[in-house]
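J.: here's a sequence, model it:
(chains A, B, C and D)
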Amino acid sequence: MRTSLLWRYSVLAVAMVGLLGLACEDNGDGEGSGKLQAVIDRGELRCGVNDGVPGFGFLEPDGSFSGFDVDFCRAVAAAVLGDAEAVEYIPLSAGARFDALVQDEIDVLIRNTTWTAERDGAQGAAFTLTTFYDGQGMMVRSESGITSIDDMEGITVCVLRGTTTEGNLEDRFALGGISYTPLAFEDLDTLEAAFREERCDGWTSDQSQLAARRSSYPAEAGGPDSLTVLSEVFSKEPLGPAVRDGDDEWFDVVNWVVIGMIQADELGVGSDNVEEQISEPSSIDVARLLGVPWEGGEDLPDFALGVDRTFMQEVLRQVGNYDEVYERNIVPLGIPREGTLNASWREGGILYAPPMR
Amino acid sequence: MAAAARVVAARRPWHVRARRWARANLFSSGWNTLLTAVTLAVGGYITFALLRFVLVSADWGVIEANRRLIFLGRFPQGEEWRVWPPLWAFLLLAGASYGLWGRLRPRDAVVFVLSSAFLYAFMVEGANALLLGIGLALAIGTWAASDALVRGSRYEELAKRITVGGWALLVPFLLFMLAGFGGVRSSLWGGLLLNVVVATVAMEAALVLGVLFALGRASSLPLVSRVSALYIEVIRGAPLIAWIFIGWFVLPAFLPPILGLQDIGLVLRAMLIFSFFEGAYIAEIVRGGLQSVPRGQVEAAHAVGLGAVRTMTLIVLPQALRNVIPALVGQLITLWKDTSLVAIIALTDAVGAAQAAIAQREFIGRQAEVLLFVAFLFWTVAFVMSRLSQQLERALGVGQR
Amino acid sequence: MTSTETRTEAADALTGEIIVCQDVEKWYGDFQALRGITTTVREGEVVVVFGPSGSGKSTFLRCLNRLEEHDAGRIVIDGIELNDDLRNLEKVRSEVGMVFQQFNLFPHLTVLRNIALAPQKVRRMPRRDAEALGRELLERVGIPEQADKFPGQLSGGQQQRVAIARALAMRPKIMLFDEPTSALDPEMIKEVLDVMHNLAESGMTMIVVTHEMGFAREVADRFLFFDEGLIVEEGTPEHFFTDAREGRTKLFLSQIL
Amino acid sequence: MSTIAIPGRAPGFWHRRRTRRLAIQAAFGVLVALILLYLLERALGLQLGFEFLRSRAGFAISHQWATDFSANNSRLDAYLTGVWNTVRLVVVGLLLATFLGVLAGVSRLSSNWLVAKIALVYVEVFRNTPLLIQIIFWYTAVFLRLPPTREGIQLFDLVFLSNRALVIPWAFPQDGIGVWLIVLAGAAVAAWAVRRWRIADEERTGQPGRGNTMAVTLFVLLAAVSYALTDQPLDLEVPTVNPPVNGSFRGMGGGLQVSPEFAGLLVGLVMYTGAFIAEIVRGSIQALPRGQGEASQALGLGAYDRMTLIILPQALRIMIPPLTNQYLNLTKNSSLAVAIAYPELFFVGGTIQNNAGHAVPMFLLIMATYLVLSGVTATAMNVLNRRVQVVGNN
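T.: Now for the predicted structure:
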């Protein structure tokens, strides 16, 4: 029984080291080969998402994720790995997201993130085509009688810390010479709890987020109608996926998945008709999108994006095109696509896909 | 004095007994009577409010809906079976240990049974009831068997050895079950399971590190002792949450780019941070224990011809550790509670799950229920740990020379 | 002195009976420590209590100044009955001094403060008088030079002498000694016993639990032999050394002598 | 060295104790140096230096105390605002936690069964539950759920409770404060003198001097009279509700305002730390030899004298080192403010780091700040410790 303590500790130490090795999942990125190869080798996409914004990124009670941004994660996984479910979602706070990206914690950040010069430059992120055009707004309780920012002298505003909105808020109120108290929260849930309990009078964030939160505002607290989003939009917030600077191949893949989904919407190809379009594409642009021969001819030139030329087939099959993703996630929030910036350029919006050819 | 009164009173009718007891313990003077009245009013109100909340006004549906999230987090569907064998092993070992060593006091046993029943009520759905039932049956079975058959028999010593070995292998077994043979990636470990895994791994590692640094600090070699002291002071100087953030933001940049070390997941980093952080605290505790061993012990060991290393490992360290059991277990309880801090970084532990549950639309305003429930989960484990520590102290005669 | 008395009936209310115990019982949980102790002590009498460990000697002593409450029976000290009345308690405690096996000096106070504290706070004596009394008592126990030291700086024998001086400072009528020399090194035992000897000669009523039989024989008027919570045998020292009746007494005496 | 021939051989170079020690230390030193060099090498690839702290902060901070910070100030100013917020929280927290802890610790030893049991339940519940959950609970389930301003609870027009602010009456200094403060200082000296005189008198006559009572009475009396004579040097403000603008309330005026963030964090820290302090107090009192209490009982000392003259002075001596640890823990635990919205130093530091990057220097700065705060606390407690130690104690 009384073996030497030193001996026992040594055994324990060796066991611990061995265990750490066992628990350490095999996710080493091969030297030299880029992120794309690393993801393929791993067989899974690590996607940084939000877990608290219904419609964009939300953690359901069963542990699964849903939302607009989450669908783009799935689309990238479908394109690269052929399986939209091969995604490891990593929920990130606003403050932690760029460090997670730059330090390779995640492969791609799709977390309602605004494309800014500082982030593109100093923070080491690279933004793809914007998936959602947004702007910062202010939400108040309807009964407060506040109709514009200039009415808000002396109020308290809830905001997420470490976001562009925190800075925009300061800029806007400084511009109007309005005094206010910002109450900065680390996570959105605590923020909403505070707002619901009337700890603050205003809630500022991207308009889409406000709408999302408003649409699901619980009836117990007054329901959506008890809230008003002010008409003033005081910033531009183009939201889109971001990858780490310095890996063009990977950037291209993510970027063209986004473009492909918008393109598919423009061409009217979606999950419901992708099979027939594969066997018989309705136009040469559809053939290019899906990577199939046009009218039985020779193969079209490969884009050489690093993924198989048919990558959009799986995306459309498993996830759908831009409009489907939008309908599925954003419309239930009460934000229809028509008449907003996110409508197709043909319908008065600014969503415009570079040609896939 | 109360004990004496009880026995004398035992020969009197109960109402006399009760009156005597009440007079001695509640109304011994005017001041005490006032105190009793005030305390009764305040305490009674709090108890009433709490009971009313728990039994009447609370809506425990939020726990039911989020049971999986709170216990397992985002652990993949269909892989839950991996959790059961370690839990069974744990219950089996607990039963055996209780049978072999334990003398749980009746009051502790009541608390234990009530907590188990409460947890059972919340954990059990469908097949889980059966699986948990198997575990409880194992616990009771091994307890009964070891208490009735093994204890006092010639196999007792062997059984004790096997049990100790079993405890030593439990954490490795747990990790193996979770991660082994095509298992679940650590980033998907969640809920209370995550707290348990991080806490148990960090506890073992922190004990090893703590002893090493304590020995280093107590070393007669000035350089070794200074460096150890510096490490201990720097680690203890900053809050744990700061170290966790450092593990999250800064550590990857400092890990060598070999063996995929830079890529280690958040859970592993949390284990590392907890081990090194709590190791510094444990080092201080062990150092206190080392100082409490009388110099005569060292001299006696030298006198019978033991070298410095053996004196330390065979004579001084065992006594030192025995002397600081209360403080050590206290620190381990702190470690257990501190694992909740991983909720502040991206991990969905029990507290993270609680926050997610609070955010759900259909359970608006249910934060008290969720937080109380999760607090209760943590409390139960911590309470059991502190009671076990008291038993251990009694068994080893800590504080008695 | 009244040393020839062999047995006193508790019911007798003779003058000079300063301690009267009648059927005193004391329980610790399921263990009965005292099983009906009946005895009296007269003023100026020196009573030595001895017996095997766990026989209830210390418990008996501690009941006399209510460090322990007895569960049944009566104890009357100098006409004051020990009961729940707090005023009685205060009176009794200031009349009964106690010396402990472990000295129990206050380590954070100097020797002089240890002695002067209670007279000042309980007897409301001016500080100067209390300290003068303290120095006088230190003189009496033979260590006047140690007045300004702390207890931790003294030897065990010196500490016990301070403890005696501390108890005397309250000018008690009765002194209780609970094995005052058993925590001491042999060379220090004598200095403490000498002080106790002087005290006995000055006419102090004393109850002493001790196994120093030589000392006991010299100073005691009466012996009480305790076993299993009972007074097994009672009598003069001569009776015990020449004519002990009970087998248990003889056995015990043969072991300690 | 020696000229006397020693039988046998002198130990070889390698067998000398000195050599061994040097060798082990050299090896250890090289190892440590290598690790440090490695860390330094890795650090050189990162953004170092503190210039980023000079840039404009660009964000506002909700809680301020002793600072006048606006978004136009530098990031360093923002950080210092956070440091002051920590200091305020910690100072108030230490005082309240000590009070609560001593109360609960002594209650646990109370002869009143009910009081002792309630103290026990308090300690067991709050000590064995994660502080993070407690803080989130106090904030989201208690203080945020107070009624909003318009339905705020008003007690006697003096205390106002809402989830925007807990407001209590507070005295704010006015122009005449200087003169009054001088008078107060004089009163304090007088009270001290009276106390000394009463103690001397008590020691002379033996009669109770009631020094503390008389000193306090004198001080209060002098303070009150001089307050009346010096034309109200303090302005006692009671809470008022600011008039609604466009039908919405714009917060509270007057009195001392405590935000729910501050309150949640404070209550969480105090209840948690108080439970630990209670155990320390109880343990220290129980650690005293039983004989100390018995000896003082046997001497006839009353319960109050026994506690204040014998038990507490000795218990304090045992208490201080573990108490220091709890004070340091409270200081460090204040960083859990990140879970709720109280901008103390760790929170503000994190915001700066979010905005600017520079994780390594920012965290170094945060650590250094905590080390300084801990150092100040520990030094103060060490001074206290040295004063209560007993001479020649063994």
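J.: what segments of the chain are helices?
T.: Looking at chain A here, since you left the chain open. A:5-23, A:35-42, A:68-81, A:97-102, A:117-120, A:164-175, A:188-196, A:207-215, A:248-267, A:274-279, A:284-290, A:311-318, A:322-329 (DSSP state H).
J.: actually chain D
T.: Under DSSP H, chain D gives helices at D:17-44, D:75-108, D:113-127, D:131-136, D:177-205, D:211-229, D:260-287, D:290-298, D:303-305, D:312-333, D:345-356, D:359-388.
J.: can you redo those as CSV with distance to B:Leu268, mean pLDDT and mean neighbour count?
T.: For glycine as for every other residue, the C-beta is placed from the backbone atoms N, C-alpha and C. Output for the helices of chain D, formatted as CSV (distance: least, C-beta to C-beta, whole Å; pLDDT from 0 to 100; neighbours: other C-beta atoms under 10 Å in any protein chain shown):
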stretch, distance to B:Leu268, mean pLDDT, mean neighbour count
helix D:17-44, 19, 83, 12
helix D:75-108, 31, 92, 20
helix D:113-127, 30, 91, 19
helix D:131-136, 21, 93, 25
helix D:177-205, 59, 84, 15
helix D:211-229, 59, 84, 14
helix D:260-287, 29, 92, 23
helix D:290-298, 51, 85, 20
helix D:303-305, 57, 80, 13
helix D:312-333, 24, 88, 20
helix D:345-356, 23, 87, 25
helix D:359-388, 20, 85, 17
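J.: ok, which of those comes nearest A:Asp71?
T.: helix D:345-356 (26.8 Å; C-beta to C-beta).
J.: who touches C:Gln22 in this structure?
T.: C:Ala10, C:Thr38, C:Gly73, C:Arg74, C:Ile75 (C-beta atoms under 8 Å, 6 or more residues apart in numbering or on different chains).
J.: touching, the second one and C:Phe60? I think so.
T.: No. Taking contact to mean C-beta atoms under 8 Å, the distance of 11.5 Å between C:Thr38 and C:Phe60 leaves them out of contact.
J.: so these two - more neighbours on which side?
T.: Using other C-beta atoms under 10 Å in any protein chain shown, the more surrounded residue of C:Thr38 and C:Phe60 is C:Phe60, with 29 against 16.
J.: contacts for the host helix or strand of that one?
T.: Assessed by DSSP states H and E, C:Phe60 sits inside helix C:57-64. By C-beta under 8 Å, 6+ apart, the list of residues contacting helix C:57-64 from outside reads C:19, C:21, C:24, C:26, C:33-34, C:37, C:49-51, C:68-70, C:75, C:77, C:82, C:96, C:98, C:174, C:176, C:178-179, C:207, C:209, C:226.
J.: tell me who's in contact with residue 246.
T.: Just going to use chain A. A:Gly246 neighbours (C-beta under 8 Å, 6+ apart): A:Ala126.
J.: switch to chain C, that's the one I care about
T.: C:Phe225, C:Val232, C:Glu233.
J.: just list whatever residues bridge to the last one.
T.: When assigned by DSSP bridges, C:Glu233 has beta-bridge partners C:Phe225.
J.: isn't D:Leu234 up against D:Ile177?
T.: Yes. Using C-beta under 8 Å, D:Leu234 is in contact with D:Ile177, at 7.0 Å.
J.: so C:Ile18 sits in a strand?
T.: Yes. The assignment for C:Ile18 is a strand, going by DSSP: H, G, I helix; E, B strand; the rest coil.
J.: list the contacts of it.
T.: C:Val41, C:Arg42, C:Glu43, C:Ile77, C:Asp78, C:Lys173, C:Ile174, C:Thr205.
J.: one more pass at 10 Å, please.
T.: Neighbour list for C:Ile18: C:40-45, C:76-79, C:95-96, C:173-174, C:205 [criterion: C-beta atoms under 10 Å, 6 or more residues apart in numbering or on different chains].
J.: torsion angles phi and psi at C:Glu25?
T.: Backbone torsions of C:Glu25, given as degrees, to the nearest 10, read phi -120, psi 150.
J.: from C:Gly36, how far out is it?
T.: 6 Å (C-beta to C-beta, to the nearest Å).
J.: list the residues that contact both of these two?
T.: Joint contacts of C:Glu25 and C:Gly36 (C-beta under 10 Å, 6+ apart) are C:Ala72, C:Gly73, C:Gly229.
J.: most neighbours, which of these?
T.: Neighbour max across the shared contacts of C:Glu25 and C:Gly36 (other C-beta under 10 Å) = C:Gly229, 23 neighbours.
J.: quick check: that residue touching C:Lys26?
T.: Yes. Using C-beta atoms under 10 Å, C:Gly229 makes contact with C:Lys26 at a distance of 7.9 Å.
J.: surely B:Ala395 touches B:Ser97?
T.: No. B:Ala395 lies out of contact with B:Ser97 (C-beta under 10 Å); the separation is 11.3 Å.
J.: ok, back up a step: give me the subset of the shared contacts of C:Glu25 and C:Gly36 touching chain B.
T.: Of the residues in the shared contacts of C:Glu25 and C:Gly36, proximity to chain B by C-beta under 10 Å from any C-beta of the partner chain holds for C:Ala72.
J.: no further queries at this time; thank you.
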